[in-house]
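# Sequence and predicted structure, then a few things I'm wondering about:
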Amino acid sequence: MRILGIDLGSSSLKAVEMDSAFGRYDVHDHHEHLIPPGTAPELVLSNLIKSLAKRPDKIIVSIAAGQTTFRNLQMPTRDRKAIQSGVGFELEDELPFSLEDAAYDYTPLIQSKQSSTIHVVATLKKHLIQGILSWDKGGVDPDVITSESWVYRGILNRILTPNAQESPTLLAQMGHTKTVLYLHWKNAPILIREIPWGGRDMTAAISKKYQLPLDQAEAQKLDHGFISAPDPTGGFTEEQTEFSKCIEESLRPLLNELRQIGMMSKNITHHSLGLLYLSGGTSLLPGLHNWIQERLNVPTKPLLALSATTASGVTYSEHTDAHFLLAASLTLAWVGPDRSSCINFRKGEFTKQSRTREINFQAIKKPLLSAATVAFCLFSSLIIQSNIYRSRLTATNKQLESSIKSFFGQISGSALKNYLSNTAALRTSINKELMKQDELNRLFGPNARSPIHFLNSISSGIPKDVIVDLTQFQVGSSASEPFSPNSVLSASLTFLVANPQTAEKLATLLGNKMGHLQRGKMEEVDADGGLKKWKISFAGKPTEETYGK
């Protein structure tokens, strides 16, 4: 079987062909086509498909990380039907958008005798529709549309040893216009975030400092770009050092995001980052790995996407390994044990439709025979469809009866008939049963009123254009007072901001998350690189929505 994984980026198209047979797989070929400015990406994609020696048996693509969200749900069962019905109910409260507007798929991560950990990925239907239409313009009808979080999980599980997965691993896929940050721990995705930072930000910084056109600045970055060591002992000229500092300044937003992810990893997993992988064309900047490693104090190295996964033992160039991470990960999602559990949005109303061949009317010599044939086919089709619909309705009724019996256990025949005739009563009973399960989960599960919930709520309420560093936070009851379920909750947070205007925006945003907000005195402090920042503290009472119910 020939599998094709396609990564359609903003500046280039990357694709990996992989052959899979009898449980073995290996990379057949890889392709990269630049997308010139002003050229439709669909045209480049169409040219790629036409240039392939063999049309692939399976085509796999992904939805952008910024258009998806995922949850790892704990279900007190391993029954497939119970999980299928339970996932929809859980997502109604979990998703930031209406479930009617969403498309989702799920797969079990871990299953024990009485419980399951389910990985659920959701996106808006409009994103899927736009993606399918865009791929269709390029002559591609994907067999699998999956998520970046799922395919990155697959490739890291193949590369990392069990001991290495005891500590969280962060993957930074650094592209031209955006960077995707994926956190992985113990075979499971923890979080994924897409930030609007990429190689063009370095180019823009060079263009601004040296008053160069963007194309010339890009050429300077590729030919002479590097980051020098903090205390260089080698012969760097003053111009080289100044050029390196210009690039370092453009890296500050990325560094802040990496630090924030590291802090979130510590709060979620109670472990510090054990490893940071860098990939993408921007990660090839000389000196970048050492520069990030020294500032984060986390081992940092490139991710060998093709070299570490090919069965033939072929070693690929540093450029190839960096550029083909997503495309290689997509092909790996459909080989080996991951194939049966792959997240795939091409289900339900988005199921791939087989294309029918056009009728060759010139081969029909007698018009009357043609009309009779069409009429006969139409009549036969109507009869077949009628029988199929009746059989499907009968099968659906039996499946619904079986599902109700499986969900409620012992149930009388009269109660079953009442539920089938009154769907509102059925939904009410199911909700009551699920509420009982939720109460049991809350009793034996972790505390819902978690400071991490508070931190995640605060973080999600701050837009990307408000750049802050959270240096300290405390939430909950006072440690010096005895515990009481009715005790007054309080929270205090300390931030570093770039300017007083950012502090004013931050105060307005926190006012929606905390009651009786009190603002401390703003102090000017020194930051990394000799910059000045302002330190400001806030205190107040977290709302139930912010701290957890």
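Everything's here; your move. Numbers count the residues shown, from 1 in each chain.
# what residue ranges in the chain are flagged as low confidence?
Counting by pLDDT under 70, the chain contains low-confidence residues at 229-235, 354-366, 442-449, 477-488, 547-549.
# Quickly list the domain ranges of this protein.
2-200+250-350, 367-444, 451-547 (automatic domain parsing).
# Make TSV out of those and add distance to residue 241.
The C-beta positions use only the backbone N, C-alpha and C, and glycine is treated the same way. Below are the domains of the chain laid out as TSV (distance: least, CB to CB, whole Å):
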stretch	distance to residue 241
domain 2-200+250-350	12
domain 367-444	57
domain 451-547	14
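# If you count neighbours, what's buried in stretch 191-202?
Within stretch 191-202, the residues that count as buried by 16 or more other CB atoms under 10 Å are 191, 192, 194, 195, 197, 198, 199, 200, 201, 202.
# Would you mind writing the CA trace of the helix or strand harbouring the first one as CSV?
Right, residue 191. Taking DSSP states H and E as the criterion, residue 191 maps to strand 188-195. The C-alpha trace of strand 188-195 is given here as CSV (Å, rounded to 0.1, in the frame of the first residue of the first chain):
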residue,chain,number,x,y,z
ALA,A,188,-0.5,10.9,25.6
PRO,A,189,-1.0,14.5,24.4
ILE,A,190,-1.1,17.0,27.2
LEU,A,191,-1.6,20.2,25.2
ILE,A,192,-1.0,21.8,21.8
ARG,A,193,-0.8,25.5,21.0
GLU,A,194,-0.3,27.4,17.8
ILE,A,195,1.4,30.8,18.0
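# Make sure I have this right: residue 117 is in a strand.
Yes - using DSSP: H, G, I helix; E, B strand; the rest coil, the assignment for residue 117 is a strand.
# Tell me, how many residues neighbour residue 452?
Look at residue 452: counted by other CB atoms under 10 Å, it has 14 neighbours.
# So it is in contact with residue 270, correct?
No - in this structure, residue 452 is not within contact of residue 270 by CB atoms under 8 Å, at 10.3 Å.
# and residue 105, helix, strand or coil?
strand.
# do residue 425 as well
helix.
# and it, how many neighbours does it have?
That count, for residue 425 with other CB under 10 Å as the rule, works out to 12.
# Enumerate every residue touching it.
418, 419 (CB atoms under 8 Å, 6 or more residues apart in numbering).
# Could you tell me how far it is located from residue 396?
19 Å (CB to CB, to the nearest Å).
# ok, residue 199 touching residue 178?
No - Residue 199 sits out of contact with residue 178 when judged by CB under 8 Å, with a separation of 10.0 Å.
# Would you mind listing the residues touching both of the two?
In contact with both residue 199 and residue 178: no residue, using CB under 8 Å, 6+ apart.
# can you give me the end-to-end distance of stretch 298-307?
Taking CA to CA, to the nearest Å, stretch 298-307 runs 23 Å from one end to the other.
# Let me see the residues that make contact with it.
Contact with stretch 298-307 is made by 16, 27, 30, 155, 159, 170-171, 262, 272-279, 283, 289-290, 292-293, 314-316, 318, 320-322, 324-325, 328-329, as judged by CB under 8 Å, 6+ apart.
# in it, what counts as buried?
298, 300, 302, 303, 304, 305, 306, 307.
# is it true that residue 136 lies in a strand?
No - counting by three-state DSSP, residue 136 is located in no strand; its state is helix.
# What distance do you get for residue 307 to residue 489?
Residue 307 is 52 Å from residue 489, by CB to CB.
# Name the SS class of residue 26, please.
Assignment for residue 26 (three-state DSSP): strand.
# in the sheet, who's paired with it?
residue 19 (DSSP bridges).
# Count the neighbours of it for me.
The burial count for residue 26: 15, using other CB under 10 Å.
# if we can go back for a sec, can you tell me which of the domains of the chain is most buried?
domain 2-200+250-350 (a mean of 18; mean count of other CB atoms under 10 Å).
# so how far is that domain off the chain centroid?
Distance, stretch centre to chain centre, for domain 2-200+250-350: 7 Å (CA atoms, centre = their mean, to the nearest Å).
# and the end-to-end length of that domain?
Rule used - CA to CA; the end-to-end distance of domain 2-200+250-350 is 23 Å.
# Please enumerate the helices of the stretch 351-500 of the chain.
Using DSSP state H, counting those that start in this stretch, the helices of the stretch 351-500 of the chain run over 367-408, 413-421, 423-444, 451-461, 500-511.
# Tell me which of these sits nearest to residue 149.
Residue 149 lies closest, by CB to CB, to one member of the helices of the stretch 351-500 of the chain: helix 451-461, at 16.8 Å.
# Give me the residues contacting that closest one.
Residues from elsewhere that reach helix 451-461 (CB under 8 Å, 6+ apart): 260, 264, 267-268, 470, 473, 475-476, 491, 493, 509-510, 512-513, 542, 545-548.
# what angle sits between it and helix 500-511?
120 degrees (axes from the mean of the first three to the mean of the last three CA atoms, to 10 degrees).
# where's helix 451-461 relative to the chain centroid, distance-wise?
Distance, centroid of helix 451-461 to centroid of chain: 19 Å (CA atoms, centre = their mean).
# so what's residue 345 up against?
63, 103, 104, 105, 123, 128, 145, 146.
# can I get the residues you listed in CSV with distance to residue 431?
Below are those laid out as CSV (distance: CB to CB, whole Å):
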residue, distance to residue 431
63, 31
103, 23
104, 20
105, 24
123, 26
128, 29
145, 32
146, 31
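# now the helices for the stretch 201-350 of the chain?
Along the stretch 201-350 of the chain, counting by DSSP H, counting those that start in this stretch, helices occupy 214-224, 238-250, 252-269, 288-296, 318-323, 325-332.
# Provide the angle between the direction of the fourth one and the direction of helix 238-250.
Read that as helix 288-296. Going by the same axes, to 10 degrees, helix 288-296 makes 60 degrees with helix 238-250.
# Which secondary structure state is assigned to residue 120?
Per three-state DSSP, residue 120 ends up strand.
# So in terms of bridging, what pairs with it?
Residues in a beta bridge with residue 120, per DSSP bridges, are residue 71, residue 106.
# And it, how far from residue 164?
Applying CB to CB to residue 120 and residue 164 gives a distance of 26 Å.
# One more: residue 302?
16 Å.
# likewise residue 156?
Taking CB to CB, one finds residue 156 at 9 Å from residue 164.
# same check, this time on residue 295
To residue 164, residue 295 is 22 Å away according to CB to CB.
# do residue 510 as well
38 Å.
# Run a quick neighbour tally on residue 203.
Residue 203: 24 neighbours (other CB under 10 Å).
# In a markdown table, list the buried residues of stretch 191-202 along with distance to residue 225.
Converted to a markdown table, the buried residues of stretch 191-202 look like this (distance: CB to CB, whole Å):
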| residue | distance to residue 225 |
| --- | --- |
| 191 | 30 |
| 192 | 28 |
| 194 | 24 |
| 195 | 21 |
| 197 | 16 |
| 198 | 14 |
| 199 | 10 |
| 200 | 13 |
| 201 | 13 |
| 202 | 7 |
